[in-house]
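>>> Structure for the following, please:
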Amino acid sequence: MTEQDRQGEEIVRRYAMYAAGAGLIPIPLVDFAAISGIEVKMLHELGEVYGVPFEKDRVRPIVSSLLGGYMSTRVGYGFGGGLIRAIPVVGQVLGAVAVPGFAAGFTWAIGRVFIQHFASGGTFLDFDPAKVRAYFKSQKTGAAA
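Coordinates of the predicted model:
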């Protein structure tokens, strides 16, 4: 592991924790906006470590694309999650843990995808979400395990 990779891993760990904290915001759209902003800032720092120029206009659609691919499956589970939250006390606790856990895992997975991409010489300009979706899903699964 190179020094850049070590620095990248530290950035990803830190921002995954920030995202978990943002997941505690009890207002759904506000927490989503905060988590997205955290992920964009993380990618900015990763770009600095790997010497990749940051382009905010390119990064937001990338994060949205990765999030959109995952959210389509998460919506399917949303109905069941809503039922669980209806259970007094236990459901509320599970709901309070679910969003921060999702936010941390998702942010970690995005960070891992970009560490791999940047380490192989990639930039924000040549990043293709469709080509890395399988890797992204494997990282998301690894983060949840």
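
>>> What's the local residue count around E48?
E48: 13 surrounding residues under other C-beta atoms under 10 Å. From N, CA and C alone the C-beta is placed, and that goes for glycine too.

>>> Am I right that it is in contact with I11?
No. E48 is beyond contact range of I11, at 9.1 Å (criterion: C-beta atoms under 8 Å).

>>> shared neighbours, the two?
Common neighbours of E48 and I11, using C-beta atoms under 8 Å, 6 or more residues apart in numbering, do not exist here.

>>> quick one: least confident helix or strand in the protein?
Least confident element among the helices and strands of the chain, by mean pLDDT, DSSP states H and E: helix 56-85 (a mean of 61).

>>> just checking, next helix/strand downstream of that one?
Per DSSP states H and E, helix 56-85 leads on to helix 90-119 as the next helix or strand towards the C-terminus.

>>> How far does that following helix sit from its chain's centre?
Averaged C-alpha coordinates place helix 90-119 at 5 Å from its chain's average position (C-alpha atoms, centre = their mean, to the nearest Å).

>>> Quick one: mean pLDDT for the host helix or strand of A16?
Using DSSP H and E, the element containing A16 is helix 3-22. Averaged over helix 3-22, pLDDT sits at 96.

>>> Spatially central residue for this protein, please.
T107 (2.2 Å; C-alpha atoms, centre = their mean).

>>> quick one: contacts for it?
Here T107 is in contact with V12, Y15, A16, Y18, A19, I35, I38, E39, M42 (criterion: C-beta under 8 Å, 6+ apart).

>>> As a markdown table, those residues with neighbour count and distance to T123 would be great.
Converted to a markdown table, the contacts of T107 look like this (neighbours: other C-beta atoms under 10 Å; distance: C-beta to C-beta, whole Å):
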| residue | neighbour count | distance to T123 |
| --- | --- | --- |
| V12 | 22 | 18 |
| Y15 | 23 | 20 |
| A16 | 24 | 23 |
| Y18 | 19 | 24 |
| A19 | 28 | 24 |
| I35 | 27 | 24 |
| I38 | 22 | 22 |
| E39 | 27 | 18 |
| M42 | 25 | 16 |
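
>>> Out of the residues you listed, which is nearest to K56?
Ranked by distance to K56 (C-beta to C-beta), the contacts of T107 are led by E39 at 12.1 Å.
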